[in-house]
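[1] Quick one, what's the 3D model for this:
(4 chains)
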2 protein chains.
Amino acid sequence: MTMNAAGGRRRPPTIHDVAREAGVSRGTVSRVLNGGHYVSPAAQEAVNAAIRRTGYVVNRHARSLITGRSDSIGFLLTEPQERFFEDPNFNVLLRGCTQALATHDIPLLLMLAGTEDERRRLTRYITAGHVDGVLLVSNHSGDPVAEQLREAGVPLVACGKPIGMGSKVSYVAADDRDGARDMVRHLLSLGRRRVGMVTGPLDTPGGVERLAGYQEVLAEAGFDFDERLVVSGDYSRASGEAGAERLLERAPDMDAVFVASDLMAQGVLAALHRAGRRVPQDVAVGGFDDSPAALASSPELTTIRQPWDRISAEMVRVLLAQIGGEDPAAVILPTELVKREST
Amino acid sequence: MTMNAAGGRRRPPTIHDVAREAGVSRGTVSRVLNGGHYVSPAAQEAVNAAIRRTGYVVNRHARSLITGRSDSIGFLLTEPQERFFEDPNFNVLLRGCTQALATHDIPLLLMLAGTEDERRRLTRYITAGHVDGVLLVSNHSGDPVAEQLREAGVPLVACGKPIGMGSKVSYVAADDRDGARDMVRHLLSLGRRRVGMVTGPLDTPGGVERLAGYQEVLAEAGFDFDERLVVSGDYSRASGEAGAERLLERAPDMDAVFVASDLMAQGVLAALHRAGRRVPQDVAVGGFDDSPAALASSPELTTIRQPWDRISAEMVRVLLAQIGGEDPAAVILPTELVKREST
DNA sequence: TTCTCTACTGTGAACGCTCACAGAAGCATG
DNA sequence: CATGCTTCTGTGAGCGTTCACAGTAGAGAA
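    Predicted coordinates:
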């Protein structure tokens, strides 16, 4: 019986113990551990049995020391953290990435680059090779951390199309433009003819793309572009409210509005309610994101769902491919129209 | 100029390079790195300068290999994940733990034990020594993972008082009983005399404690216990709604109700509204948790705030202490009454 | 002077693994 | 019977640290 102090932990079995137990050499055990090529079935079997008997688990530190890989990846958030942690889509993303990595037996390190100090610390940590790659959630507008990592050659996959970075960085994004097209087509199919829009910030790819989709469909349908029908917002509820007020002022005959985020759409609903417009009878409202806000508002919002579960899976896939030597890639995933009460 | 293939990464400088650069030995550099005892000021200075010049970052794998520590800790979620990732308090906890660990330069590994496979995999991973300790979010009712970790002697700190585990496991929790007392005292101070309660699940410590606080204050105030005023729920909105209906039936003269969670309180508000009772004029409603639901409901909920930011900081502190050899500890933190419109 | 003590520094040996290499065994080919 | 090829196995070196130990230098005491 081994003396084991309170909280003490036995040193776990090593590859040596397994080799002795199986009657083979360390090399053979290592080969079994890493794919099992050039190992006889008999040895294979003996080693596996020994591993089971001893409860052996590979020491990743020793492995990493020699391979130079860490077999772990970082999930890096350079945005102001509050906003993201409150966003359920972000949570789905984080959860999805963790699970996707788990199937590869790769741990996820959560990295929050809130302060300047943290940014410096994490940049050093990452470039020192303590992770093999980074899943990046960033605002993309000249993010210095992302830029440094890219320069250091760290495999990187962004969530959403990055701006201001060369094509060297992979990304996975929902098809914003096509989602917007779907929504506007849907509004037209309901017979609406004066379709307004509250855009997102136009210095982000998402904001630009959603506007472009709106314009494309209206043009295809034969409408001239009416700038009175378009106001811009910043994704906040307040900006939606203000936007709707301006729209009502400039285009009182508006009978539908496509809002670039659910949160803004909540503001729009409030403004319409105050102005005495019924939704959807007088004005149909379409949102974007399928956030809980869409379900919580009344009437419930028709919206565009982004495939966050697939986005996370793809981010992991692309990152691992890139770590494996493949070139950076861009993946665009289709969105889905979710019809509810507001249209 | 070093040839550097696309995506290739230079091998970072080692302790050897620093030693050569500083004109000292590896041992001296190592001593500087680990506290700097028994190092002359001159050497200290030379090493630090060399570290800055070379951009040296310690290779944690090599260090871990010899020290046996991993200098990383796991954040383990054994609950059904959906519920927690939707809970903003959980997000505050996760964020707080990550940040608290960051100040110690310790990375946090996110571990989601959703499926049975994952549970097995993570248990092996943890007991193999790949993390030095675990921050645990669990339902505590005979959690087999937690039990195994405890038996293996892995330092463990739970969030909320665990049930069914010996005193060997540390935990940090809000003072549920005292929070409940504060709320009920508050309701009495408003002149209410028929105070009902919708409890949480009574097989959890939190549920029991909140009920106990309620009972204590009423007893102190000289009220006899009236079982018609107490119904139990399961923290869900629906159970709050059903609970309020039963309360109204059994005690129509109820003029206040303490609800053990904000989500249930939302249900209570809905039921009261349907029954034509005005809040707070006819019935005052007090919640628990200070979740966003409390702010989103109308009227806004008076509630009890749990100090999640302090809870995360304490969990990290206790865990690190335990890793450092100290005994398991229990920490109870005070709650805060947040007065809003519903009382 | 010699000895002891303290403050500091360098050295080799690990930690547990992978990888390159050497070699053995089996089998077909010249 | 040698030769080559394929499949398999063992061995030594080394990844970048820390740690124990041995040593050096200088100060103070005997």
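[2] low pLDDT regions in the stretch 101-250 of chain A?
    Residues of the stretch 101-250 of chain A meeting the criterion pLDDT under 70: A:139-142, A:165-167.
[3] Distance check, the closest residue to DNA strand C within it against chain B.
    The stretch 101-250 of chain A approaches DNA strand C most closely through residue A:105 (12.3 Å), counting by CB to the nearest atom of the strand. Where C-beta positions appear, they are placed from N, C-alpha and C, glycine not excepted. For residue A:105, the distance to chain B equals 7 Å [CB to the nearest CB, to the nearest Å].
[4] how about stretch A:252-266: buried residues?
    For stretch A:252-266, the neighbour count (16 or more other CB atoms under 10 Å in any protein chain shown) marks A:254-266 as buried.
[5] Let me see the mean pLDDT of that stretch.
    Regarding stretch A:252-266, the rounded mean pLDDT is 95.
[6] Next up, phi/psi of whichever residue of the stretch 101-250 of chain A sits closest to chain B, please.
    For the stretch 101-250 of chain A, the residue closest to chain B is residue A:128, as judged by CB to the nearest CB, at 3.6 Å. Note on residue A:128: its backbone torsions stand at phi -70, psi 0 [degrees, to the nearest 10].
[7] That one: what's it in contact with?
    By CB atoms under 8 Å, 6 or more residues apart in numbering or on different chains, the contact set of residue A:128 is B:12, B:57, B:59.
[8] Going by neighbour count, which of those comes out on top?
    residue B:59 (21 neighbours; other CB atoms under 10 Å in any protein chain shown).
[9] Phi and psi next, for that one.
    Dihedral angles (degrees, to the nearest 10) for residue B:59: phi -80, psi 110.
[10] surely it meets residue B:14?
    Yes. At 7.0 Å, residue B:59 and residue B:14 qualify as touching, with contact defined as CB atoms under 8 Å.
[11] Okay, buried residues for stretch A:220-230 please.
    For stretch A:220-230, by 16+ other CB under 10 Å, it's A:229-230.
[12] Oh, that last question was meant for stretch A:206-223, not what I typed.
    A:206-211, A:213-218.
[13] And residue A:47, how close does it get to DNA strand C?
    11 Å (CB to the nearest atom of the strand, to the nearest Å).
[14] who touches that residue in this structure?
    A:18, A:22, A:24, A:28-29, A:32, A:39.
[15] Now for the residues you listed: which two are most distant?
    A:18 and A:39 (13.5 Å; CB to CB).
[16] Looking at the two, which is more packed in?
    Each of residue A:18 and residue A:39 has its neighbours counted (other CB under 10 Å); residue A:18 has more, 28 against 19.
[17] Please look at the more buried one and residue A:52 and confirm they touch.
    No. Under the criterion of CB under 8 Å, residue A:18 makes no contact with residue A:52, lying 9.9 Å away.
[18] thinking the residue of the stretch 101-250 of chain A closest to DNA strand C is in contact with residue B:121, fair?
    Yes. Using CB under 8 Å as the test, residue A:105 is close enough to residue B:121 to be in contact (7.2 Å).
[19] When those two are compared, which one has more neighbours?
    Higher neighbour count among residue A:105 and residue B:121: residue B:121, with 16 against 11, using other CB under 10 Å.
[20] Is chain A within reach of the helix or strand harbouring that one?
    Using DSSP states H and E, the secondary-structure element containing residue B:121 is helix B:116-125. Yes. Helix B:116-125 lies within reach of chain A by CB under 8 Å from any CB of the partner chain, at B:118, B:121, B:124-125.
[21] and that helix, how far from the chain's centre?
    22 Å (CA atoms, centre = their mean, to the nearest Å).
[22] and that helix, what other elements does it pack with?
    strand B:108-112, helix B:144-151 (3 or more CB pairs under 8 Å, 6 or more residues apart in numbering or on different chains; DSSP states H and E).
[23] hey, which of the ones you listed is tucked in deepest?
    strand B:108-112 (a mean of 23; mean count of other CB atoms under 10 Å in any protein chain shown).
[24] tell me how far stretch A:220-238 is from the chain's mean position?
    Counting by CA atoms, centre = their mean, stretch A:220-238 comes out at 27 Å from the chain centroid.
[25] if you look at that stretch, does any of it touch chain B?
    No. If you take CB under 8 Å from any CB as the test, stretch A:220-238 misses chain B, and the best it gets is 11.9 Å.
[26] How far does that stretch stretch from one end to the other?
    Stretch A:220-238 has its terminal residues 32 Å apart, counting by CA to CA, to the nearest Å.
[27] again, but for stretch A:98-111
    End to end - CA to CA - stretch A:98-111 spans 13 Å.
[28] contacts for that stretch?
    Applying CB under 8 Å, 6+ apart, the set of residues contacting stretch A:98-111 is A:71-77, A:94, A:97, A:122, A:125-126, A:131, A:134-135, A:312-313, A:315-317, A:320, B:72, B:75, B:94, B:98, B:107-112, B:114, B:118, B:121, B:125, B:130.
[29] just the buried members of those?
    A:71-77, A:94, A:97, A:122, A:125-126, A:131, A:134-135, A:312-313, A:315-317, A:320, B:72, B:75, B:94, B:98, B:107-112, B:114, B:118, B:121, B:125, B:130.
[30] could you pull out the helices for chain A?
    A:15-22, A:26-33, A:41-54, A:60-67, A:81-86, A:88-102, A:116-125, A:144-151, A:176-189, A:205-220, A:237-250, A:262-274, A:292-296, A:308-323 (DSSP state H).
[31] which bits of chain A sit near DNA strand D?
    Counting by CB under 7 Å from any atom of the strand, the residues of chain A close to DNA strand D are A:23-28, A:31, A:38-43, A:62, A:65-66.
[32] Keep only those residues that also lie close to chain B.
    Applying CB under 8 Å from any CB to the residues of chain A next to DNA strand D, one finds that A:62, A:65 fall near chain B.
[33] Any of the residues of chain A next to DNA strand D buried? List them.
    Among those, the ones that count as buried (16+ other CB under 10 Å) are A:24, A:28, A:31, A:39, A:43, A:65.
[34] I'd guessed the second one sits against residue A:42; true?
    No. Using CB under 8 Å, residue A:28 makes no contact with residue A:42, being 10.6 Å away.
[35] ok and the residue in the stretch 201-343 of chain A nearest DNA strand C?
    residue A:324 (13.3 Å).
[36] Contacts only, for the closest residue in space to residue A:23 that isn't next to it in sequence.
    Sequence neighbours aside, residue A:46 is the residue nearest to residue A:23 in space, at 6.4 Å (criterion: CB to CB, 6 or more residues apart in numbering or on different chains). Counting by CB under 8 Å, 6+ apart, residue A:46 makes contact with A:22-24.
[37] Mind splitting chain A into its structural domains?
    A:15-58, A:73-174+A:309-334, A:176-305 (automatic domain parsing).
[38] Now do the end-to-end distance for the second one.
    This means domain A:73-174+A:309-334. End residues of domain A:73-174+A:309-334 are separated by 26 Å (CA to CA).
[39] what's the spacing between that domain and its chain's center?
    Using CA atoms, centre = their mean, the offset of domain A:73-174+A:309-334 from its chain centre is 8 Å.
[40] do the last one as well
    A distance of 24 Å separates the centroid of the chain from that of domain A:176-305, by CA atoms, centre = their mean.
[41] still on that earlier bit, now for the residues of helix B:116-125 next to chain A: which two are most distant?
    B:118 and B:124 (10.9 Å).
[42] Now do the same contact list for residue A:335.
    Counting by CB under 8 Å, 6+ apart, residue A:335 has contacts A:174-176, A:178-179, A:182, A:304-307.
[43] please redo it, this time with the cut-off set to 10 Å
    A:174-183, A:288-290, A:303-307 (CB atoms under 10 Å, 6 or more residues apart in numbering or on different chains).
[44] I'd say residue A:155 and residue A:320 touch.
    Yes. Residue A:155 sits in contact with residue A:320 when judged by CB atoms under 10 Å, with a separation of 8.7 Å.
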